[in-house]
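K.L.:
Have a look; sequence and predicted model below, questions after that.
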Amino acid sequence: MKKLLTILAMLASLSLVAAACGSTIDDAADVASDAADAAGDAAGDAADAVEDVVDDAMDDEDAMDDEDAMDDEDAMAEHLGDGSLGTVIVEAGAEVQIRSLNAISGDVAFLGVPNQRGVEQAVVDYGPIKGFDVTSGQGLDDLCSADGGQAAAQQIVADEQIVGVIGTSCSGAATAAAPLISEAGMVMISGSNTSPALTSDQQGNAGPDYQVGYYRTAHNDLFQGAAMAEFVFNELGLTTAAAVHDGDPYTNGLADAFANAFTALGGEVTAVTGVAKEDTDMVPVLTEIAADSPQALFFPIFQPAGDFVADQAGGVSGLENTVLLAADGLLNDGFMGLEQSVGMHFSGPDTRFGTNTNQSTGVSAEEFLATYQANNGEAPAAPFWGHSYDAAAMLLDAIDAASWVDGDGNLNIDRQGVREHLNGIRGYSGLIGTINCDDFGDCGSQKITVILHEDAADIEGSKNNVVFEYAPQ
């Protein structure tokens, strides 16, 4: 460009010189023509130089774009998922969002509160994912009901940043929450849902309430029903039994599982009947059951209805000597602190975790309990704390496996990849033991124990008073 300006200046100077010397018009024209030719050549050279510079710059930019694209492709290639359920983008400096959905108020808060605390503790112990902090946000309440589960799920799916949910506490809440969570492409892992309807019949058939993207670390009640049936028939030697539910998917499913297993062993089920959760006078139902004088009465229900069954059964003619049995819905400090609960047998998950260690956090069951006690001033009131901790750690592992950091420093999480990771879990070491997820989301160890409650003043002692243990073949 400078060369062009120089030639033009020379042209102007020559023209002036020619005029001053009295040159002819033709001479002046010749001079101007020569100068113009020189200027054209210079302009061409300058244009070529500019084009070369631009081409070099574009080549450098293309090279940089290609390099960035290759880096992004390399990062993407390392994660699970195909993008079919969408991608959650967590901007640099923001947090990965998961949620805890458990029963944290009302009569069943004893179950949900330890679950939520287990989730929160797992998030702390796990730490960041690819440099991004994780939060479980404010705990949501499933109210241990379908209405509560549905309302909370609607709130969750409205936030597209949420990747997954740990919950619900109660199977009844899950039946309403799971369809919404599944449709949104999210996942839900429960630490305490046990209804067979939510997963499968263990014969290769999906349960009526099964949803893709639903998982649980809790056991399937088909196993708990079988465990209690074997205990009553083989260990106690009783041949007749009745069962009571309250219409909830959990209680109904477990009562039926017990009845079916007891019958298969050769026992006689005299009645399977229901009470309402709000009932306080259980005498009419108990009187109907007593007509056949069953040797055992299994009532896998919640408080407060369970309080009244335990209190009133002994006063009904025909049930004076009937052995009373319950399940994990009443296996809690509140119920076991009542005098009428003494002498009862309870079935529930085997919580003798000892030194079991979660492979994702490196925290053992003993360490978890010590931290839980220090943080909350009490031991967990219900038995599914370890299941919820493992569920949260599994979800965080799945997010890690399904994510990558892009060139802008954002974390991309493939929703389908999260499900792929959970579907493939085999031989995972958790607080509850070895975890394997089947095709319908059953991941729990399925180990069941029966305890004998002997002292309302020593609840922890009773919880450890295992009189029967069951593990499926």
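P.N.:
Great, that's in hand. Keep in mind the model is a prediction, meaning the values are calculated, not measured. Numbering: from 1, shown residues only.
K.L.:
Quick check: buried residues in stretch 329-343?
P.N.:
Gly329, Leu330, Leu331, Asn332, Gly334, Phe335, Met336, Leu338, Gln340, Ser341, Val342 (16 or more other Cβ atoms under 10 Å). C-betas here are computed from N, CA, C, even on glycine.
K.L.:
actually stretch 436-443, not the one I wrote
P.N.:
Cys437, Asp438, Phe440, Gly441, Asp442, Cys443.
K.L.:
on that earlier part again, give me the subset of the buried residues of stretch 329-343 lying in helices.
P.N.:
Members of the buried residues of stretch 329-343 lying in helices (criterion: DSSP state H): Gly334, Phe335, Met336.
K.L.:
Find me the pLDDT at the first one, would you?
P.N.:
At Gly334, the predicted lDDT confidence score is 93.
K.L.:
Include distance to Leu286, secondary structure and pLDDT when you put the buried residues of stretch 436-443 into JSON lines, please.
P.N.:
Shown next, in JSON lines, are these (distance: Cβ to Cβ, whole Å; DSSP: H, G, I helix; E, B strand; the rest coil; pLDDT from 0 to 100):
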{"residue": "Cys437", "distance to Leu286": "41", "secondary structure": "coil", "pLDDT": "98"}
{"residue": "Asp438", "distance to Leu286": "39", "secondary structure": "coil", "pLDDT": "97"}
{"residue": "Phe440", "distance to Leu286": "36", "secondary structure": "coil", "pLDDT": "98"}
{"residue": "Gly441", "distance to Leu286": "37", "secondary structure": "coil", "pLDDT": "98"}
{"residue": "Asp442", "distance to Leu286": "34", "secondary structure": "strand", "pLDDT": "98"}
{"residue": "Cys443", "distance to Leu286": "38", "secondary structure": "coil", "pLDDT": "97"}
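K.L.:
Just flag the most distant two among those residues.
P.N.:
Phe440 and Cys443 (9.9 Å; Cβ to Cβ).
K.L.:
Distance to Leu111 added to the buried residues of stretch 329-343, as TSV?
P.N.:
Shown next, in TSV, are the buried residues of stretch 329-343 (distance: Cβ to Cβ, whole Å):
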residue	distance to Leu111
Gly329	8
Leu330	10
Leu331	10
Asn332	7
Gly334	10
Phe335	11
Met336	14
Leu338	17
Gln340	20
Ser341	16
Val342	21
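K.L.:
follow-up on the earlier one: now the buried residues of stretch 436-443 in JSON lines, with distance to Glu235?
P.N.:
Formatted as JSON lines, the buried residues of stretch 436-443 follow (distance: Cβ to Cβ, whole Å):
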{"residue": "Cys437", "distance to Glu235": "31"}
{"residue": "Asp438", "distance to Glu235": "29"}
{"residue": "Phe440", "distance to Glu235": "30"}
{"residue": "Gly441", "distance to Glu235": "31"}
{"residue": "Asp442", "distance to Glu235": "26"}
{"residue": "Cys443", "distance to Glu235": "28"}
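K.L.:
quick one: which of those residues is nearest to Gly149?
P.N.:
Using Cβ to Cβ, Gly441 is the member of the buried residues of stretch 436-443 that lies nearest Gly149, at 16.5 Å.
K.L.:
For the closest one, give its distance to Ala255.
P.N.:
23 Å (Cβ to Cβ, to the nearest Å).
K.L.:
likewise Gly237?
P.N.:
Gly237 is 22 Å from Ala255, by Cβ to Cβ.
K.L.:
In this structure Ala227 contacts Phe468, no?
P.N.:
Yes: between Ala227 and Phe468 there is a contact under Cβ atoms under 8 Å: 7.4 Å.
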